[in-house]
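Q: Output the structure for:
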Amino acid sequence: MKSEALQRLQAYLNSQIIGQDELVKQLLVALLADGHILVEGPPGLAKTRAVKSLANCIEGDFHRIQFTPDLLPADLTGTDIFRAESGEFTFQPGPIFNSLILADEINRAPAKVQAAMLEAMAEKQITAGRKTYPLPELFLVMATQNPIEQEGTYPLPEAQLDRFLLHLDVDYPDAQSELEILRLNRGEAKGEEQATPPRLSQADIFAARQDVLNIHMAESIEQYIIRLIMATRQPEQYDQTLANWIELGVSPRATIALDRCARAHAWLSGRDFVSPEDVQIMAFPVLRHRILMSYQAQAEGIKPNQVVEHLLSLVGSA
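A: Numbering: from 1, shown residues only. Coordinates of the predicted model:
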């Protein structure tokens, strides 16, 4: 099922982002499911390198935006510039008009900037003055958050979190991967010849997205997805512990995301059908940022992954 071009891309990314196979796979899931991705983890874990390596392989422009507390919406969207020679205002596009955007430390920007990002992510358009401008057809935002530093940050609003298709937690690599990272970095510093990145056209990506949509999903799998979603909204029907942990369930956008991502995961695994395992694997990055946890759960130190794991244990796939 999976095309040779995507196989080469995945192999190349795994060779460049060592020890982060899950991050690579989920980047490709987001690309195939036409959604945005939020990556959270300590500094230095190749989050920036991952999206830059992906951008090197894809037909389209890439731009990195460093989010800071003094950032303005016009710094993202662009603005009208007065041209003295013509006596008219013309629109100067901002960095958001690229196909792949790395929004570094997105939670450091104030509310007006987040509002501009929300419009771009949700509608694939931006508004400047009285005019609205469409963004590229291929448009993917990978945003990063540093969970360690909280000073000078603005928690992302729930509406914007819901616009992220996936939320990934990135952790440290193991000892063997660390050794391979050391050797790769040394080779790059010495100017040794590196692997040639494969090239994917936008037509290849759009064709792959159609293949993903054509993956077979049995009605029983559809019903399984619905049961998982409804269990977040009516947890008391399943378990009192789950009810104590969940303040508010997920939206229909989560249903759509779980369907699309399970299909993409199956396609990347080389299958032409979706299995319950695809749904279970993708439930974590799809649901962990959408479930609103109760104060009791937060006070007890319960993590979103524990909630999703408990949810999966309660809701059967049969």
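
Q: Sticking with the closest residue in space to Glu222 that isn't next to it in sequence, tell me its helix or strand.
A: Using CB to CB, 6 or more residues apart in numbering and skipping residues adjacent in sequence, the residue nearest Glu222 is Asp259, 7.6 Å away. (Each C-beta comes from the backbone N, C-alpha and C, glycine too.) Counting by DSSP states H and E, the element that carries Asp259 is helix 252-268.

Q: which helices and strands sit right next to that helix?
A: helix 21-32, helix 158-163, strand 164-169, helix 202-213, helix 219-233, helix 276-287 (3 or more CB pairs under 8 Å, 6 or more residues apart in numbering; DSSP states H and E).

Q: Quickly, which of the ones you listed bottoms out on average pLDDT?
A: Ranked by mean pLDDT, the helices and strands packed on helix 252-268 bottom out at helix 158-163, with a mean of 85.

Q: my guess is Val141 is in a strand, correct?
A: Yes - read with DSSP: H, G, I helix; E, B strand; the rest coil, Val141 is one of the residues of a strand.

Q: I figured it was touching Met121, is that so?
A: Yes - using CB atoms under 8 Å, Val141 makes contact with Met121 at a distance of 5.8 Å.

Q: Need the residues touching each of those two.
A: Both Val141 and Met121 are in contact with His36, where contact means CB atoms under 8 Å, 6 or more residues apart in numbering.

Q: residues touching Leu292, list them.
A: Leu292 makes contact with 158, 246-249 under the criterion CB under 8 Å, 6+ apart.

Q: which among those residues end up buried?
A: Buried residues within the contacts of Leu292, counting neighbours by 16 or more other CB atoms under 10 Å: 246, 249.

Q: Lowest pLDDT pick from the contacts of Leu292?
A: Glu158 (82).

Q: Val24 versus that one, what's the distance?
A: Glu158 is 28 Å from Val24, where distance means CB to CB, to the nearest Å.

Q: secondary structure element for the spatially most central residue of the chain?
A: Of all residues in the chain, the one closest to the mean position by CA atoms, centre = their mean is Ile37, 1.0 Å from it. Ile37 is part of strand 36-40, with elements assigned from DSSP H and E.

Q: so after that strand, what's the next helix or strand?
A: Strand 36-40 is succeeded, C-terminally, by helix 47-57 (DSSP H and E).

Q: what's the spacing between that following helix and its chain's center?
A: 13 Å (CA atoms, centre = their mean, to the nearest Å).

Q: Just the CA trace of whichever helix or strand comes after that helix, in CSV.
A: Counting by DSSP H and E, the next helix or strand C-terminal to helix 47-57 is strand 62-66. Presented in CSV, the C-alpha positions along strand 62-66 are these (Å, rounded to 0.1, in the frame of the first residue of the first chain):
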residue,chain,number,x,y,z
PHE,A,62,9.5,26.3,4.8
HIS,A,63,9.7,29.0,7.4
ARG,A,64,10.6,29.0,11.1
ILE,A,65,8.8,31.5,13.3
GLN,A,66,10.2,32.1,16.8
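
Q: Cool, thanks, talk later.
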